[in-house]
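Undergrad: Below are the sequence and a predicted model for it; my questions follow.
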Amino acid sequence: MESNNNSSRKIIYFLLSVLVACGIWLYADLTSGPNGAPRTCIREITDIPIEYTREATLTDRGLMLVEDGSDLTVDLELEGTRSLVTKLDREQIRFVVDLSNVTSAGVQNIGYSVSYTDNEFRNGAISTKNVSIGGGATVNISELYRRTIDVSCELVGNVAETYTAGQVQLSHTEIEVRGLQEDIDPISYAKVTLDIGDSVEETVSRELELQFYDQNGNLLDDSRIHSTVETIQATLPVFVTKELRLVVNFIEAPGARVRNTDAHIEPETITVSGDATQLKNVETLTLDNHFNLLDLGTAASSNYTTTYYPIIPPEGCQNLSGVTRAALKIRFEDMTSASVPTENITLVNLSEGRTATLLTTSLPVQIYGTEADVSAVAGEDIAVTVDLSDYSSASGTYTIPAEVRVSGGDLGITGEYQVQVTIREKVEEPPEEPTENPQEPEDPAEE
């Protein structure tokens, strides 16, 4: 029993010693550099793609980068701690060559920069020991070959019934392409494809990518073709024919309502053709927005008043009816007027210390409206108010404007009204003196 325990202890001691030895070895491996610094190692990573930036500046100068004769990849030897170097992935390395300072054609040597996408490897944690391309990248710069080519549009889809489509409108019908002559010469034309879908009912407009074709209609690889524009705006106008009802908007007043008129427009409608998007929610065409019904007068009349208007279709639309002028014929069907006298006159805002005497005791008021409303009005239904605010310091007889209102029915009032009022300063009357009682005669009987 005791021998078994001894054997177990020996095994445990052995394993502990192995772990301690490994720990010491690992510590020594990591810190065995000069002055106890972490130990470094070198790792080679091959075929890292070279990232060329600012190529657009070349195009602006009439130049381009040619892959043939230019360095495309690079091999690097990197130094750092074992833990960092072993974790580094090639996707985290950026080897960048900036082309912004290239101003002429020819084979040239351009400087580079090495950076890392992960912050863990930045700030000197990893250093570059060796670069396979030496002190710079070799680039082959060529002058751009230029040509102007036509742009066409292929249309896919259809418009709905009763709608018609116009011609496709392109933001550019010609473009300039630039590149190596061997890449540009095969180009016959450029094309965009506009898919409008099924049964479209409004104008379609989209930004479309360019594609390049040779004279046999074969699609070309555009990776080495530079165009002055990246996309083309293609617009297909879709038209619709609609019948629009002609309308006039009226200004009403008490006693003068649209419901009391007989009005019609000749012609009642016109037919127009125009952009389907613009006419989508349009059902009417307004001839006049401010026809004042009081302009018809307030006297009963069986005659129509006729007003002519030019017919102006919505912008961009065509009037297919051929009629260019419309006539509004209108009259009041039920309109009468009457003069109703009223004695319901009130003076307001008389200043303190003054008296006012109304000289106008009855005022005839001209009212209008439907026959039923007018005939139902009596004098007590009309209220006349005279405001004396502006006569606070005046004395004498004045003709003062009056405000007239009528209650009951939908009635209007014509004319301006005024009354005469005499204003005086209030005179304080002296107090009455008391009268003395006469002395009663003495009663002779009392003597």
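TA: Okay, I see it.

Undergrad: Every contact and neighbour count from this point should use C-alpha atoms.
TA: Noted.

Undergrad: Who are the packing partners of whichever strand or helix holds Leu78?
TA: Using DSSP states H and E, Leu78 maps to strand 73-81. With contacts defined as 3 or more CA pairs under 8 Å, 6 or more residues apart in numbering; DSSP states H and E, strand 73-81 has these neighbours: strand 40-53, strand 127-131.

Undergrad: where does the stretch 101-250 of the chain have low pLDDT?
TA: Filtered on pLDDT under 70, the stretch 101-250 of the chain yields no residues whatsoever.

Undergrad: all helices of it, in order?
TA: 181-184 (DSSP state H, counting those that start in this stretch).

Undergrad: one step back: the strand holding Leu78 pairs with which strands, parallel or anti?
TA: strand 40-53 (antiparallel), strand 127-131 (antiparallel) (DSSP bridges).

Undergrad: Switch the ones you listed over to TSV, and while doing so, append distance to Thr81 to every line.
TA: Below are those laid out as TSV (distance: least, CA to CA, whole Å):
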stretch	distance to Thr81
strand 40-53	4
strand 127-131	10
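
Undergrad: picking up where we left off before, report the mean per-residue pLDDT for the strand holding Leu78.
TA: Mean pLDDT, strand 73-81: 91.

Undergrad: now stretch 254-272
TA: The model assigns stretch 254-272 a mean pLDDT of 94.

Undergrad: How far does it sit from its chain's centre?
TA: Distance, stretch centre to chain centre, for stretch 254-272: 36 Å (CA atoms, centre = their mean, to the nearest Å).

Undergrad: what does the strand holding Leu78 contact?
TA: By CA atoms under 8 Å, 6 or more residues apart in numbering, the residues outside strand 73-81 that reach it are 30, 38-50, 85, 125-133.

Undergrad: Between the helices and strands packed on strand 73-81, which one is closest to Asn319.
TA: Among these, strand 40-53 comes nearest to Asn319, with 57.1 Å by CA to CA.

Undergrad: ok, residues contacting the helix or strand just after the closest one?
TA: Following strand 40-53 in sequence order, the next helix or strand is helix 55-60 (DSSP H and E). Helix 55-60 is contacted from outside by 64-65, 99-100, 102-103, 144, using CA under 8 Å, 6+ apart.

Undergrad: Just the buried residues of helix 55-60, please?
TA: 57-59 (16 or more other CA atoms under 10 Å).

Undergrad: Let me know which of the strands paired with strand 73-81 is the nearest to Ile382.
TA: strand 40-53 (89.2 Å).

Undergrad: Can I get the closest one in PDB? Just the C-alpha atoms.
TA: Taking Å, rounded to 0.1, in the frame of the first residue of the first chain, the C-alpha atoms of strand 40-53 are listed here in PDB:
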ATOM      1  CA  THR A  40      12.500  38.200 -32.200                       C
ATOM      2  CA  CYS A  41      12.300  36.000 -35.300                       C
ATOM      3  CA  ILE A  42      12.000  36.600 -39.100                       C
ATOM      4  CA  ARG A  43       9.300  35.400 -41.300                       C
ATOM      5  CA  GLU A  44       9.000  35.500 -45.100                       C
ATOM      6  CA  ILE A  45       5.700  36.100 -46.700                       C
ATOM      7  CA  THR A  46       5.500  35.900 -50.500                       C
ATOM      8  CA  ASP A  47       3.300  37.100 -53.400                       C
ATOM      9  CA  ILE A  48       1.700  40.000 -51.500                       C
ATOM     10  CA  PRO A  49      -0.400  42.000 -54.100                       C
ATOM     11  CA  ILE A  50       0.900  45.600 -54.700                       C
ATOM     12  CA  GLU A  51      -1.900  48.100 -54.200                       C
ATOM     13  CA  TYR A  52      -1.600  51.000 -56.700                       C
ATOM     14  CA  THR A  53      -3.500  54.100 -55.500                       C
END
